[in-house]
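Student: here is the input, now give the coordinates:
(2 chains)
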Amino acid sequence: MNPVPRGLRAVALLTAATALAACAGGPAAPADAPGTTVLTSSYPLEFVAREIAGDRAQVSNLTPPGADSHGLELSPQQVGRLGEADLVVHLSGFQPAVDAVIDQQAPAHVVDAAPLADRPGDPHFWLDPQRMGALGHDVAAELARVDPAGAAEYEAAAERLDGTLTALDAEYLLALEPCRGATLVTSHEAFGYLADRYGLVQVGIAGVDPHVEPTPSRVRDVVDAVRGRGVRTVFFEATTSPAVAETFADDLGTTTAVLHPVERVGPGQDYPGLMRENLAALRAGLGCA
Amino acid sequence: MRLAPRSRRPLTLAATLPLALLTACSTTPDAAAPRESASSTAADGAAAETGATEAAASSPRLAISYDGGVQVLDATTLEVLADEEFEGFTRLNPAGDGRHFLVSGKGGFHVLDGGSWEQPHGDHSHYYTAEPGTTGTVFAAEEPGHVVTHAGRTTLFDDGTGEVVGFDSADLEDDARTERTYTTPAAHHGVAVELANGDMVVSEGTVDTRTGIRVLDARNSEIARNDSCPSVHGETVAADEAVVIGCTDGVLVYRDGVITKVASPDAYGRIGNQFGTEDSPIVLGDYKTDPDAEVELTTRVSLIDTTTAQMRLVDLPSSYWYRSLGRGEHGEGVVLGTDGALHVIDTAAGAVNRSVPVIAPWEVQEDWQSPQPQVFTMDGTAYVTDPAAKAVHAVDIETGEVFRSADLAVVPNELKGVTGEADATSTGA
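Tutor: Numbering: from 1, shown residues only, chains lettered A, B, ... in the order given. Coordinates of the predicted model:
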């Protein structure tokens, strides 16, 4: 198995070349241009950056709305934006294409969220609201270095965000307290930080697509994984097709429900909203009510 | 064996026109319709550049050859995803990387992308799908023969020249791959398998007489040989890297550096097609006792225990042919009989556990190249083709349930599959 798809490698080479050209070419972005610019690499980071930036700084996201942030490939224009932004907020180890560019041309100011993602191989730290609050403070501190005049505003915004997220965390704690120790069965092991924070035990069931009726062999693997754990619900990242839902009902006696990884959002969705939808799904699915 | 110049389709074309390409080469209007529309791929800005779409789980694929081409199916839904033209009789093999097939045809081994792969990422993986199709890569061969994949290595044998080429399965599509080459003293219909430590077991013989095997070290120096394997044919690898090679009077087992002959109970007891798994020390083989028969309606299979060098025979309720055998995920042996039933064998007990009706009774034909029912086993499922009814069936080996069936627009001949997963063995070695 080739670890890097061919297309990705090709683009990585291209971006590297473009990055070099960008370095050698134009002058550095004017530091005193009106409005501080912040570039983030994925939606959860964008959410935090916008909350902190308020009206003082312009935030944009490298990953187009709804697109796969993990497999992001960068256009030459995007590489240019990485070089021009006053502050880049990213998660190293999660988006190889972004890492490659930042390695080539380190931006003047960077916040790397990697220390917040301390579960090996699991980037989804944002599913623990506390960690998002911590990121808010990191972003505020770095923005204050870029734009010292705004330091107080940024810090105040970080405090506000922290308050909001602490309240969300409290909602989770209260709602999930009755089902501490419950098994959280997910089709994609993206909920480790959430499970750790709220005392759930995550069990991943690889190999089941929410839209494709699984083979009997794969269903047996799931049965083996969840047997004896009192599981009522299997969580998928998307709504399961009726055939898949029926298979789980018949063979496991469980329902299926959606747990959103909040890695990307659709129109009208945002981090707090999806987190609350997830909480409602967890309460119902784990029987904590 | 040199790599022929490749003529890869431009990626942008592949991303935007798969529907049109499929339609263009379909033999009937309804033969091939991709499950996910091309527009859903293009809508995802990040994925459109490579034509890849992320999937929630691995998506195994089947390849089915027919007179004029090869179709690629989704192995879970049995939907036809692609149809590629190939001239003449072709043979199919998984390429060893969990994603590609090698199609033995005119000019050599042609790479066919099953369009499904895994990208391991720390403690989890991401799965992708794309339109299946030929990649343009061809391993040139005069008479492309056996393809053996084991321990992350793919080994090709050219029957026309005796040339053996081995490489890391993951480097299949990499022009800069390092190739190990070796040429047998005489060309013959042969086979070679490379082990994790670089040892290579290679058949020995001429066009007229095949006599045995030799074992070479990683530098192609001979470290063992055995000349008492008349008409050597076929290979498989069982648990603990025990290699089993078929003869007309038994098998040779190469294990822990030693070659052991396991004799058949009959003076002429031919084993030419063996099926092993990495989890089971027991190998399932075919078994024939009539050296003169054009078509021998054998009703026995052989079980070779590679740990004890013992062979026993199991009587089946019906006859079969050598391409209707396979293995379950718990080591079961499966044989599709001419009675149309899939016979599931407990290989430890040496007994038939269950016989499941799958297709109508059929007859073994004299011409092995003409379409006959075939079996391919993958992830606990036995896939069965039925040329007479132009259909393919998926059977759950553990329960015997025929859980999915599909009609085909073509008469299926060869049947093979890939898991869409990065094979654990291909990264370990």
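Student: shouldn't residue B:103 be in contact with residue B:85?
Tutor: No - with contact defined as Cβ atoms under 8 Å, residue B:103 does not count as touching residue B:85 (11.0 Å). C-beta: built from backbone N, CA, C; applies to glycine.
Student: who has more neighbours, the two?
Tutor: residue B:103 (28 against 10; other Cβ atoms under 10 Å in any protein chain shown).
Student: what bridges to the more buried one?
Tutor: Residue B:103 forms beta bridges with residue B:92, residue B:110, as assigned by DSSP bridges.
Student: got any ranges where the chain has weak pLDDT?
Tutor: If you meant another chain, say so; for now it's chain A. Chain A contains residues with pLDDT under 70 at A:1-34, A:289.
Student: um, chain B though
Tutor: Across chain B, the ranges flagged by pLDDT under 70 are B:1-50, B:121-124, B:423-429.
Student: tell me the domain ranges of it?
Tutor: B:1-140+B:335-341+B:355-416, B:141-315 (automatic domain parsing).
Student: quick one, helices of the chain?
Tutor: Let's take chain A. With DSSP state H, the ranges of helices along chain A come out as A:6-24, A:43-53, A:76-84, A:96-104, A:129-146, A:151-176, A:192-198, A:216-226, A:242-252, A:271-286.
Student: looking at chain B here, not the other one
Tutor: All helices of chain B, identified by DSSP H, fall at B:11-16, B:18-25, B:38-43, B:45-48, B:424-428.
Student: in the stretch 151-300 of chain B, what residue is nearest chain A?
Tutor: Nearest to chain A, among the residues of the stretch 151-300 of chain B, is residue B:170, at 5.2 Å (Cβ to the nearest Cβ).
Student: what about residue A:178, how many residues nearby?
Tutor: 12.
Student: now do the one 3 residues further on
Tutor: Other residues near residue A:181 number 8, with proximity taken as other Cβ under 10 Å.
Student: how about residue B:194: which residues does it bridge to?
Tutor: Under the criterion used (DSSP bridges), residue B:194 bridges to residue B:200.
Student: so what's it up against?
Tutor: Neighbouring residues of residue B:194 by Cβ atoms under 8 Å, 6 or more residues apart in numbering or on different chains: B:148, B:150, B:151, B:153, B:155, B:166, B:180, B:200.
Student: against residue A:64, how distant is it?
Tutor: Here the criterion is Cβ to Cβ, to the nearest Å. By it, residue B:194 lies 45 Å from residue A:64.
Student: now do residue B:205
Tutor: Per Cβ to Cβ, residue B:205 is found 60 Å from residue A:64.
Student: same check on residue B:199?
Tutor: 51 Å.
Student: between these two, which is the more surrounded one?
Tutor: It is residue B:199, of residue B:199 and residue A:64, that has more neighbours when counted by other Cβ under 10 Å, with 18 against 14.
Student: which phi and psi values does that one adopt?
Tutor: Main-chain torsions, residue B:199, degrees, to the nearest 10: phi -60, psi 140.
Student: wait, what's in contact with it?
Tutor: Contacts for residue B:199 (Cβ under 8 Å, 6+ apart) come out as B:215, B:216, B:217, B:218, B:223, B:257.
Student: give me the buried entries from those.
Tutor: B:215, B:216 (16 or more other Cβ atoms under 10 Å in any protein chain shown).
Student: ok, which pair from the contacts of residue B:199 is furthest apart?
Tutor: Within these, two members stand farthest from each other by Cβ to Cβ: B:218 and B:257, at 13.5 Å.
Student: and the contacts of stretch B:350-370?
Tutor: With Cβ under 8 Å, 6+ apart, stretch B:350-370 has contacts from B:89, B:294-295, B:297, B:303, B:312, B:314, B:316-317, B:319-321, B:332, B:336-346, B:372-373, B:384, B:386, B:388-389, B:391, B:393, B:395, B:400, B:402, B:413.
Student: circling back to that earlier point, as a markdown table, the helices of chain A with distance to chain B and mean neighbour count would be great.
Tutor: A markdown table is the format used below for those (distance: least, Cβ to the nearest Cβ, whole Å; neighbours: other Cβ atoms under 10 Å in any protein chain shown):
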| stretch | distance to chain B | mean neighbour count |
| --- | --- | --- |
| helix A:6-24 | 3 | 16 |
| helix A:43-53 | 13 | 25 |
| helix A:76-84 | 11 | 19 |
| helix A:96-104 | 10 | 19 |
| helix A:129-146 | 18 | 22 |
| helix A:151-176 | 23 | 17 |
| helix A:192-198 | 9 | 21 |
| helix A:216-226 | 3 | 18 |
| helix A:242-252 | 10 | 15 |
| helix A:271-286 | 17 | 18 |
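Student: those: which one's closest to residue B:73?
Tutor: Across the helices of chain A, residue B:73 has its closest neighbour in helix A:216-226 (17.2 Å, Cβ to Cβ).
Student: can you tell me the centre-most residue of chain B?
Tutor: Nearest to the geometric centre of chain B sits residue B:93, at 4.2 Å (Cα atoms, centre = their mean).
Student: and that residue, what does it touch?
Tutor: B:101, B:102, B:104, B:146, B:147, B:149, B:416.
Student: near chain A, which residues of the stretch 201-350 of chain B?
Tutor: Contacts of the stretch 201-350 of chain B with chain A, taken as Cβ under 8 Å from any Cβ of the partner chain, map to residue B:329.
Student: and the strands in the stretch 201-350 of chain B, which stretches?
Tutor: Here the stretch 201-350 of chain B has its strands, by DSSP state E, counting those that start in this stretch, at B:210-216, B:222-226, B:233-238, B:242-247, B:250-255, B:258-263, B:274-277, B:280-285, B:300-305, B:310-315, B:325-327, B:333-336, B:341-346.
Student: about what we covered before: dump the helices of chain A to JSON lines, plus distance to residue B:115.
Tutor: JSON lines is the format used below for the helices of chain A (distance: least, Cβ to Cβ, whole Å):
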{"stretch": "helix A:6-24", "distance to residue B:115": "13"}
{"stretch": "helix A:43-53", "distance to residue B:115": "28"}
{"stretch": "helix A:76-84", "distance to residue B:115": "27"}
{"stretch": "helix A:96-104", "distance to residue B:115": "22"}
{"stretch": "helix A:129-146", "distance to residue B:115": "37"}
{"stretch": "helix A:151-176", "distance to residue B:115": "40"}
{"stretch": "helix A:192-198", "distance to residue B:115": "31"}
{"stretch": "helix A:216-226", "distance to residue B:115": "20"}
{"stretch": "helix A:242-252", "distance to residue B:115": "22"}
{"stretch": "helix A:271-286", "distance to residue B:115": "31"}
